[in-house]
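Undergrad: Let's see this in three dimensions:
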Amino acid sequence: MASVKSRVRVLPLVFLLVMFLAACQSASTAPTATSESPAEIGQEPAAAPAEDGPKEVIRFADTQFQTLWINNAIAAFIIEHGYGYPVEIVQMTTPVYQQTLASGEIDVQMELWRTNVIDWYTEVTSEGKVLDLGDTYERSAQGWYVPRYVIEGDPERGIEPMAPGLKSVFDLPGYKELFQDPEDPSKGVLVNCITGWQCAKINRIKIHAYGLDDDYNLLEPGAAAALDAAIAGAYTRGEPILAYYWEPTWLLGTYDMVQLEEPEFTEACNLEIQKALDDEISLEEVTETAGCAYETIGIHKGVHASLKDRAPEVVEFLEKMNVGTDPLNKTAAYMEAEGVEADEAAIWFFETYQDRWRNWVPDDVESRIEAALEELGASL
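TA: Now for the predicted structure:
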């Protein structure tokens, strides 16, 4: 649904390969990325064990994106080594997690992106099937970013400020030559969200709402790796780039990026964006009302209600567990830089952010976790 005035291009494979060679490729995906559901899904939840019997397996949903892998690994380590429950992490799609968390076949979803599944979320929480245990991290953000050196320069790299007056999206017309589209030098270019994702459509609507059609084209990557490579490659070379991105992610934990200011999110803005997404109004009918920031919310964790009876101490721990947006950015960056799996990144988190996790658990559980970490060679 591109504007008549603005041009949307899909980032070609050749560009991806060039940028991939110029910078590290990320394995991260967006919060709605999915994979096939395994055979374990469909099993009925087991009955609660006797008080002196073995503890029942606690199953976590894995909808296949990096921050969820990390959060699952942190929680699983604490539950296994601190509380003595076996843990199973099950790969599945978003629709499958919605079904199985509500039925009790899955016990825990560590990242409830509520606004993405708001109708389902409202239904299952109001009916008491799923308990919302609060923040896993306090801030999820998405928007349009530039490297900090574009605005402030970087003396250590010999980079002078390129756009010292750039603060908001409304300043962008004055810098279209800086972010010049090589295929259309009369305009700048915004590297958009991934083709097919809703954020790509929303950014097209925003370009129109902000009156940037005459000044900027949109370049749409065909995959998350292409977007990562475009940003990482430009940053490595010290070049200007204007791009959509989100956090927490390894990329924003690695590179110093500045999010451009936008008008505050409002329901009126969201309503007009939704009308455009649903084709109730055309892009040409979109007004400046649709120009606002993405909503910034905390990302919560949810559990099936039965877990509170089966493992109340685990639910109490999960209620206290808040990994935090910035620590999650840094842990994801460590995972990417070192090329390690999520369970190794979790060990790094335990070493680096001891003041956080020690406050989530009672003293006896803390001692057991500490012993397990030391046995693995962690430095505490």
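Undergrad: Report the rounded mean pLDDT for the stretch of helix or strand residue 70 belongs to.
TA: Using DSSP states H and E, residue 70 maps to helix 66-83. Taken as a whole, helix 66-83 carries a mean pLDDT of 97.
Undergrad: Export that helix to PDB, keeping only CA atoms.
TA: Provided in PDB are the C-alpha atoms of helix 66-83 (Å, rounded to 0.1, in the frame of the first residue of the first chain):
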ATOM      1  CA  GLN A  66      16.500 -14.300  20.700                       C
ATOM      2  CA  THR A  67      15.300 -12.400  23.700                       C
ATOM      3  CA  LEU A  68      12.800 -15.100  24.500                       C
ATOM      4  CA  TRP A  69      15.600 -17.700  24.300                       C
ATOM      5  CA  ILE A  70      17.600 -15.800  26.800                       C
ATOM      6  CA  ASN A  71      14.700 -15.200  29.200                       C
ATOM      7  CA  ASN A  72      13.700 -18.900  29.000                       C
ATOM      8  CA  ALA A  73      17.300 -19.900  29.700                       C
ATOM      9  CA  ILE A  74      17.600 -17.700  32.800                       C
ATOM     10  CA  ALA A  75      14.200 -18.800  34.200                       C
ATOM     11  CA  ALA A  76      14.800 -22.500  33.500                       C
ATOM     12  CA  PHE A  77      18.200 -22.400  35.200                       C
ATOM     13  CA  ILE A  78      16.700 -20.900  38.400                       C
ATOM     14  CA  ILE A  79      13.700 -23.300  38.400                       C
ATOM     15  CA  GLU A  80      15.800 -26.400  37.800                       C
ATOM     16  CA  HIS A  81      18.800 -25.700  40.100                       C
ATOM     17  CA  GLY A  82      17.000 -23.500  42.600                       C
ATOM     18  CA  TYR A  83      13.700 -25.200  43.000                       C
END
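Undergrad: Return the distance of it from the chain's centre.
TA: Averaging C-alpha positions (Cα atoms, centre = their mean, to the nearest Å) puts helix 66-83 17 Å from its chain's average.
Undergrad: Likewise for stretch 176-192?
TA: The answer for stretch 176-192 is 27 Å, by Cα atoms, centre = their mean.
Undergrad: And it, what's buried?
TA: 176, 178, 179, 181, 187, 188, 189, 190, 191, 192 (16 or more other Cβ atoms under 10 Å). From N, CA and C alone the C-beta is placed, and that goes for glycine too.
Undergrad: Over to stretch 212-226?
TA: 212-213, 215-226.
Undergrad: Sticking with residue 244, tell me its helix or strand.
TA: Going by DSSP H and E, residue 244 is in strand 243-247.
Undergrad: what's the answer for residue 330, then?
TA: helix 325-338.
Undergrad: show me where pLDDT drops low in the stretch 51-200 of the chain?
TA: By pLDDT under 70, the low-scoring segments of the stretch 51-200 of the chain are 51-53.
Undergrad: Just the closest of the buried residues of stretch 212-226 to residue 362, please.
TA: residue 224 (39.7 Å; Cβ to Cβ).
Undergrad: what's the spacing between that closest one and residue 340?
TA: Taking Cβ to Cβ, to the nearest Å as the measure, residue 224 falls 19 Å from residue 340.
Undergrad: All the strands of the protein, in order from the start?
TA: Remark: strands assigned in the chain by DSSP state E are 8-10, 58-62, 87-91, 108-112, 130-147, 180-181, 184-191, 216-220, 243-247, 257-259, 297-304.
Undergrad: Reformat those strands as JSON lines; add distance to residue 350.
TA: Below are the strands of the chain laid out as JSON lines (distance: least, Cβ to Cβ, whole Å):
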{"stretch": "strand 8-10", "distance to residue 350": "42"}
{"stretch": "strand 58-62", "distance to residue 350": "18"}
{"stretch": "strand 87-91", "distance to residue 350": "16"}
{"stretch": "strand 108-112", "distance to residue 350": "16"}
{"stretch": "strand 130-147", "distance to residue 350": "16"}
{"stretch": "strand 180-181", "distance to residue 350": "46"}
{"stretch": "strand 184-191", "distance to residue 350": "35"}
{"stretch": "strand 216-220", "distance to residue 350": "39"}
{"stretch": "strand 243-247", "distance to residue 350": "22"}
{"stretch": "strand 257-259", "distance to residue 350": "27"}
{"stretch": "strand 297-304", "distance to residue 350": "18"}
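Undergrad: With that, I have no additional questions.
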